[in-house]
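J.: Here you go, sequence then predicted model.
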Amino acid sequence: MRALLRSTTDLTLGTIIMALSGLLFWLFAARLYPPDEIGTASALVSFMNLVFALSTLGLNIGLVRFHRIYGKGAAGTTVTAMVLLSTGFTTAYVLMNPGKVFERPGLIVGAYLLGLFGALYNALGFISIPLCRTEVYVKMSTLYGLRVVFLPIFRGLKASGMILATSLGLAIASALGLTEFREQVSFTIDVEFIKESLALSLSNYLGSIVNVLPLYLMPTIVLVELGKARTGYYYIGFTIGNLMMTPIVALSTILIRDGEKALFRKSLALVLSYWVLAVVGIFWLGKPILEIFGGDYLAALPMLKMIALGLGPFGLVYIGISGLTVKGAAGRILAINLVRGLSFLILGYFLLTRQGITGIGVAWALAHLLAALLLDPKTF
């Protein structure tokens, strides 16, 4: 249990550091760059996050589960596959050029650099889990935060400067990971590892993509339906909400590695306790937290409260999916992910037009409540 808590704490801390530095990055960028350049850079970064999710191909789950069997082959295959797939998806994005994002050559170069170092960064973070070296991920996340320092240096490059700053932060963090895990990383393809990983995690992968798509689509939907200001309120509010979700996501990832039923029961108790603390914290401190960003951001408080209330079902779903992953219940995992992803998108759009951004919080909580009904009670 001690090792579980240590790894969970490391992953949580690393993710929080990354999320906070990301929030600082965009707040700082908004003071240095004009709005149209911010829009171009954020659109590119948003799509590249989708690229990184697509590039895992579910091998991240297989790596955590089967590293003890395939060792270096699993680690090397994960790195190789993610880099190659990221490059391929980036090429497709550049060729499609939605919204004419790539008006300048610097943005094309920036996209490829972001794709390369982003894939490396994510793959090395996954490698830290089965090696029980999650403290390295914390260090990598801290170094990635240095991207904020490069913003004023590359200001003259406009949107390309923001992309270059992000890529440089990822490159520095990846260099540390490559140094720490140099004996694990090689550019290789282990076909058997891929086969076994896909058999275990393909449903997880497809379901996670279904869940990621609404998160990336929702800011655009808010922009179209409610305008730029409300989009900003939504972004800040949901970013804080994502920070609250981080410990639960980290815990569920570690459970896939350890896979003992007794730990699932203890983890459920931890999640329920954390849920109570989060609800009390947001209802008590949500207002002063949002006021740090400005009084106008209090418009996101009702949505943030709904996200806090939904953390219980969210935690049940994540812990339950980890249990089903250990059991290899691929079909059920896919059904759960489809329900929560599609219901969030549909309910979110329906309630958005009636309740504003608060409706998105309600939809998010309801989506996980519906998904929780499909869990296997024997997991706990």
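T.: Arrived safely, thanks for sending. It should be emphasised that the depicted structure is a prediction, and the values quoted were computed from it without experimental measurement. Residues are numbered from 1 along each chain as shown.

J.: low-scoring stretches of the stretch 151-300 of the chain, by residue?
T.: 203-204, 207, 220, 223, 227-229, 231-232, 256-262, 294 (pLDDT under 70).

J.: Show me where it has its helices.
T.: Using DSSP state H, counting those that start in this stretch, the helices of the stretch 151-300 of the chain run over residues 159-180, 191-226, 228-258, 261-291.

J.: which strands and helices sit next to the shortest one?
T.: Applying 3 or more CB pairs under 8 Å, 6 or more residues apart in numbering; DSSP states H and E, one finds that helix 159-180 makes contact with helix 2-32, helix 35-55, helix 105-128, helix 134-144, helix 147-150. Where you see a C-beta, it was placed from the backbone N, CA and C, and this is true even at glycine.

J.: for the fourth one, which positions count as buried?
T.: Okay, so that is helix 134-144. For helix 134-144, burial by neighbour count (16 or more other CB atoms under 10 Å) applies to Thr134, Glu135, Val136, Tyr137, Val138, Lys139, Met140, Ser141, Thr142, Leu143, Tyr144.

J.: The third one too?
T.: Buried positions in helix 105-128, judged by neighbour count with 16+ other CB under 10 Å: 106-108, 110-111, 113-128.

J.: so that helix versus helix 2-32, what angle?
T.: Angle between the axes of helix 105-128 and helix 2-32 is 170 degrees (criterion: axes from the mean of the first three to the mean of the last three CA atoms, to 10 degrees).

J.: Can I get helix 105-128 in PDB, CA atoms only?
T.: Extracted in PDB, the C-alpha atoms of helix 105-128 (Å, rounded to 0.1, in the frame of the first residue of the first chain):
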ATOM      1  CA  PRO A 105       6.700  27.900 -42.300                       C
ATOM      2  CA  GLY A 106       7.700  28.400 -38.700                       C
ATOM      3  CA  LEU A 107       4.400  26.900 -37.600                       C
ATOM      4  CA  ILE A 108       5.000  23.700 -39.700                       C
ATOM      5  CA  VAL A 109       8.500  23.300 -38.200                       C
ATOM      6  CA  GLY A 110       7.000  24.000 -34.700                       C
ATOM      7  CA  ALA A 111       4.300  21.300 -35.200                       C
ATOM      8  CA  TYR A 112       6.800  18.600 -36.000                       C
ATOM      9  CA  LEU A 113       9.100  19.600 -33.100                       C
ATOM     10  CA  LEU A 114       6.100  19.500 -30.800                       C
ATOM     11  CA  GLY A 115       5.000  16.100 -32.200                       C
ATOM     12  CA  LEU A 116       8.500  14.600 -31.700                       C
ATOM     13  CA  PHE A 117       9.300  15.900 -28.200                       C
ATOM     14  CA  GLY A 118       5.700  15.600 -27.000                       C
ATOM     15  CA  ALA A 119       5.600  11.900 -28.000                       C
ATOM     16  CA  LEU A 120       9.000  11.300 -26.200                       C
ATOM     17  CA  TYR A 121       7.800  13.100 -23.100                       C
ATOM     18  CA  ASN A 122       4.600  11.100 -22.800                       C
ATOM     19  CA  ALA A 123       6.300   7.800 -23.500                       C
ATOM     20  CA  LEU A 124       9.000   8.400 -21.000                       C
ATOM     21  CA  GLY A 125       6.400   9.300 -18.400                       C
ATOM     22  CA  PHE A 126       4.600   6.000 -19.100                       C
ATOM     23  CA  ILE A 127       8.000   4.100 -18.700                       C
ATOM     24  CA  SER A 128       8.400   5.500 -15.200                       C
END
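
J.: average pLDDT across that helix?
T.: In this model, helix 105-128 carries a mean pLDDT of 93.

J.: now swap in the longest one and tell me
T.: Looking at helix 2-32 alone, the average pLDDT works out to 72.

J.: what's the answer for the shortest one, then?
T.: Rounded to a whole number, the mean pLDDT of helix 147-150 is 94.

J.: and the buried residues of helix 134-144 as JSON lines, adding distance to Thr90 and pLDDT?
T.: Converted to JSON lines, those look like this (distance: CB to CB, whole Å; pLDDT from 0 to 100):
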{"residue": "Thr134", "distance to Thr90": "28", "pLDDT": "79"}
{"residue": "Glu135", "distance to Thr90": "31", "pLDDT": "86"}
{"residue": "Val136", "distance to Thr90": "26", "pLDDT": "89"}
{"residue": "Tyr137", "distance to Thr90": "24", "pLDDT": "86"}
{"residue": "Val138", "distance to Thr90": "28", "pLDDT": "87"}
{"residue": "Lys139", "distance to Thr90": "27", "pLDDT": "91"}
{"residue": "Met140", "distance to Thr90": "21", "pLDDT": "93"}
{"residue": "Ser141", "distance to Thr90": "23", "pLDDT": "89"}
{"residue": "Thr142", "distance to Thr90": "26", "pLDDT": "90"}
{"residue": "Leu143", "distance to Thr90": "23", "pLDDT": "94"}
{"residue": "Tyr144", "distance to Thr90": "19", "pLDDT": "93"}
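
J.: which one of those residues is nearest Lys327?
T.: The closest of the buried residues of helix 134-144 to Lys327 turns out to be Thr134 (CB to CB; 24.3 Å).

J.: So the closest one is in contact with Gly14, correct?
T.: Yes - with contact defined as CB atoms under 8 Å, Thr134 reaches Gly14; the gap is 7.3 Å.
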